[in-house]
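S.K.: I would like the atomic coordinates for the input below:
(2 chains)
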Amino acid sequence: GAVVSQHPSRVICKSGTSVKIECRSLDFQATTMFWYRQFPKKSLMLMATSNEGSKATYEQGVEKDKFLINHASLTLSTLTVTSAHPEDSSFYICSARREVGQPQHFGDGTRLSIL
Amino acid sequence: DQQVKQNSPSLSVQEGRISILNCDYTNSMFDYFLWYKKYPAEGPTFLISISSIKDKNEDGRFTVFLNKSAKHLSLHIVPSQPGDSAVYFCAASADAGGTSYGKLTFGQGTILTVHP
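M.R.: Next up, the predicted model:
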């Protein structure tokens, strides 16, 4: 199979805290990883695309200084929500893809709650 | 601008019968289509995909049909089982390159309930 692990599954923290979310492909090497955000009763919205060893490509309207993405290896990408505020509370989910033309496989998501 | 639409928010089917989930898209650049299944508190699980060069792809109980002229795809599940009850999302991408290379655009999802 294609297993993607995302950690932590839930985070509750105070406003102003920075939060790091990890996404790992456990049984395959992912040339590309994707980060999504889901608002209540909405579809998954792509935030950014990251290729191993290069800078992430952010979607329009996504603040790259607020959502820092690092893709240091073919099996690990991290999303850091810097100086998080209540409006950043959401469901964040990552996916990983072996190569072009292959499907994306998703982690189980992280529920972020900023108090 | 909803480029991928699943117009039926829910579908209820009897066990053993066929489930047909529909999806429409507007962007003619989409050339790769996928169906995902999602249970509560879990991430989407990949089910089946189809490239725009094909009009049908089958994998066990799951078959995806693509009608490019109508910009419509459907997922058929036969026979349906109670364990198939979940939210089903269709997704599309334009894999021909560019800054959105591989970007998936999702539909809103359809809740499938299969009754025993």
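S.K.: Flag every buried residue along the strand or helix carrying residue A:80.
M.R.: Taking DSSP states H and E as the criterion, residue A:80 maps to strand A:76-81. Within strand A:76-81, the residues scored as buried using 16 or more other C-beta atoms under 10 Å in any protein chain shown are A:76, A:77, A:78, A:79, A:81. Heads up, the C-betas are built off the backbone N, CA and C, glycines and all.
S.K.: Briefly note if the helix or strand of chain B with the lowest mean pLDDT comes near chain A.
M.R.: Confidence across the helices and strands of chain B bottoms out at strand B:105-106, with a mean of 90, counting by mean pLDDT, DSSP states H and E. Yes: judged by C-beta under 8 Å from any C-beta of the partner chain, strand B:105-106 comes into contact with chain A through B:105, B:106.
S.K.: Could you pull out the strands in the chain for me?
M.R.: You didn't say which chain, so I picked chain A. All strands of chain A, identified by DSSP state E, fall at A:4-7, A:10-13, A:19-25, A:32-38, A:44-51, A:57-58, A:67-73, A:76-81, A:90-97, A:105-106, A:110-114.
S.K.: other chain: chain B
M.R.: B:4-5, B:10-14, B:19-25, B:32-38, B:45-51, B:56-59, B:62-67, B:72-77, B:86-93, B:105-106, B:110-115.
S.K.: And the first one, what does it pack against?
M.R.: Other helices and strands packing on strand B:4-5, by 3 or more C-beta pairs under 8 Å, 6 or more residues apart in numbering or on different chains; DSSP states H and E, are strand B:19-25, strand B:86-93.
S.K.: Let me know which of those is the nearest to residue A:72.
M.R.: Residue A:72 lies closest, by C-beta to C-beta, to one member of these: strand B:86-93, at 25.0 Å.
S.K.: The closest one: which residues count as buried?
M.R.: B:86, B:87, B:88, B:89, B:90, B:91, B:92, B:93.
S.K.: cool, stretch A:62-76 as well?
M.R.: A:62, A:67, A:68, A:69, A:71, A:74, A:75, A:76.
S.K.: for the residue most central in space within chain A, which residues make a bridge with it?
M.R.: Taking C-alpha atoms, centre = their mean, the centroid of chain A lies closest to residue A:35, which sits 3.5 Å from it. Residue A:35 has these beta-bridge partners by DSSP bridges: residue A:48, residue A:94.
S.K.: Mind pulling up the pLDDT for it?
M.R.: pLDDT for residue A:35: 96.
S.K.: That one and residue A:16: what is the separation?
M.R.: 22 Å (C-beta to C-beta, to the nearest Å).
S.K.: and if you look at residue A:5?
M.R.: 28 Å.
S.K.: same check, this time on residue A:45
M.R.: In terms of C-beta to C-beta, residue A:45 sits 25 Å off from residue A:16.
S.K.: more crowded one of these two?
M.R.: residue A:45 (15 against 10; other C-beta atoms under 10 Å in any protein chain shown).
S.K.: neighbours of the residue nearest to the more buried one when sequence neighbours are not counted, just the number please.
M.R.: Spatial nearest neighbour of residue A:45, excluding adjacent residues (C-beta to C-beta, 6 or more residues apart in numbering or on different chains): residue A:37 at 5.5 Å. Close neighbours of residue A:37, defined as other C-beta under 10 Å, add up to 21.
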